[in-house]
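# Build the 3D model from these lines:
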Amino acid sequence: MKHIGAGIAIAGIGSATGNLIVDNHLLSQIVETNDEWISTRTGIKERRLVNSDGCADLAVSSLAEIAAQAAQAALAMAEISATDVDLIILTTSTPDDLFGSACQIQALIGAKGAVAFDLTAACSGFVFGLVTAAQFIRTGVYRNVLLIGADILSRWVDWSDRSTCVLFGDGAGAVVLQANSVDRLLGFELRSDGSQNNCLNLAYKSQPKSLVKDIAVGSGGYQSITMNGREVYRFAVAKVPEVIEKALYRANLLTEDVDWLLLHQANQRIMDAVAQRLKLPPEKIISNLAKYGNTSAASIPLALDEAVRAGKIQSGDIIATSGFGAGLTWGAAILRWGK
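Okay, here's the model as predicted:
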């Protein structure tokens, strides 16, 4: 992979989650399920949800607010101010405003000089956003990019469907990407397959609205999340190891060079199966799925933030990360941690 201009490194990272803790026992009061059923199939024990009624004693009630919290933590670690940020990329499928929420975040954190836009690639969003941000830095256009992955999937869950409502949580994760003399994004590979789009959807639901005689338009909202869990599992287990191996090839590395496997936190069985196919030991898997559930675009930076702050990931470590989900989309990036 030819690199043009500056290298890229992660200078800071932060995360935030919803304040409401919903464990499996509580879910069993909502839908016919139990802790054993959920845990054995997914590895999830509890999830964090964003408050929806705007109570003053809870920290956040919107996607922009939870994303801003994560962004401010990342800026603090990077030791730069919001006014130093050149570009904000928000990867999300659940904006507060269908026109986009990146500009709201820009205003909340005071990043007056930053360009801001949303990018949608569902659970692959953070990896797609990372690669997108890298191009702006490598070509010398921008030096400081704030990349945020955030989703409030609780807004779009059917709480009577136990096959999906047990999976999702709300959260945000952010990284500050900077121009660097040594390139820390070693390789990547991105893929899409629209022929499998129906496997995972949050689809528009149209209700015809008559304007005048013989003229009607669609008017409505969105359906709840629908998913063919079996097909998504098959897709992930087959495609994720392949895309990681291709990204490693582009980085001139082998699987045995990988220190940490950081996958989208969708299902523990998927993560275990991918590690097994790559011949990576379980202790190299970074997982916080049990605590947060599937937070979509937030899951990778949320897990990365916890691992870094816990001292698990050290400077120089090689991280193989991969996102996969609706679209269908999937991708991998190989990072060397540190500057």
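# Okay, residue 291 and residue 23: tell me how far apart.
10 Å (Cβ to Cβ, to the nearest Å). Yep, even glycine has a C-beta here, placed from its N, CA and C like the rest.
# So for the two, which residues contact both of them?
Common neighbours of residue 291 and residue 23 are listed as 45-46 (criterion: Cβ atoms under 8 Å, 6 or more residues apart in numbering).
# Now do the strands in the stretch 101-250 of the chain.
Here the stretch 101-250 of the chain has its strands, by DSSP state E, counting those that start in this stretch, at 115-119, 144-152, 170-180, 185-192, 200-201, 204-212, 215-222, 226-227.
# Make JSON lines from these and add mean neighbour count, mean pLDDT and distance to residue 322 to it.
Shown next, in JSON lines, are these (neighbours: other Cβ atoms under 10 Å; pLDDT from 0 to 100; distance: least, Cβ to Cβ, whole Å):
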{"stretch": "strand 115-119", "mean neighbour count": "18", "mean pLDDT": "98", "distance to residue 322": "17"}
{"stretch": "strand 144-152", "mean neighbour count": "30", "mean pLDDT": "98", "distance to residue 322": "14"}
{"stretch": "strand 170-180", "mean neighbour count": "28", "mean pLDDT": "97", "distance to residue 322": "15"}
{"stretch": "strand 185-192", "mean neighbour count": "20", "mean pLDDT": "98", "distance to residue 322": "9"}
{"stretch": "strand 200-201", "mean neighbour count": "20", "mean pLDDT": "92", "distance to residue 322": "16"}
{"stretch": "strand 204-212", "mean neighbour count": "9", "mean pLDDT": "86", "distance to residue 322": "28"}
{"stretch": "strand 215-222", "mean neighbour count": "10", "mean pLDDT": "87", "distance to residue 322": "27"}
{"stretch": "strand 226-227", "mean neighbour count": "16", "mean pLDDT": "92", "distance to residue 322": "19"}
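# For residue 257, which of the ones you listed is the nearest?
Closest approach to residue 257 among the strands of the stretch 101-250 of the chain (Cβ to Cβ): strand 185-192, 9.8 Å.
# Residue 329 against residue 194, yeah?
No. Taking Cβ atoms under 8 Å as the definition, residue 329 is not a contact partner of residue 194, at 9.3 Å.
# In contact with residue 13: list those residues for me.
Residue 13 touches 73-74, 77, 173-176, 301, 304-305, 308, counting by Cβ under 8 Å, 6+ apart.
# Perfect, I'm done here.
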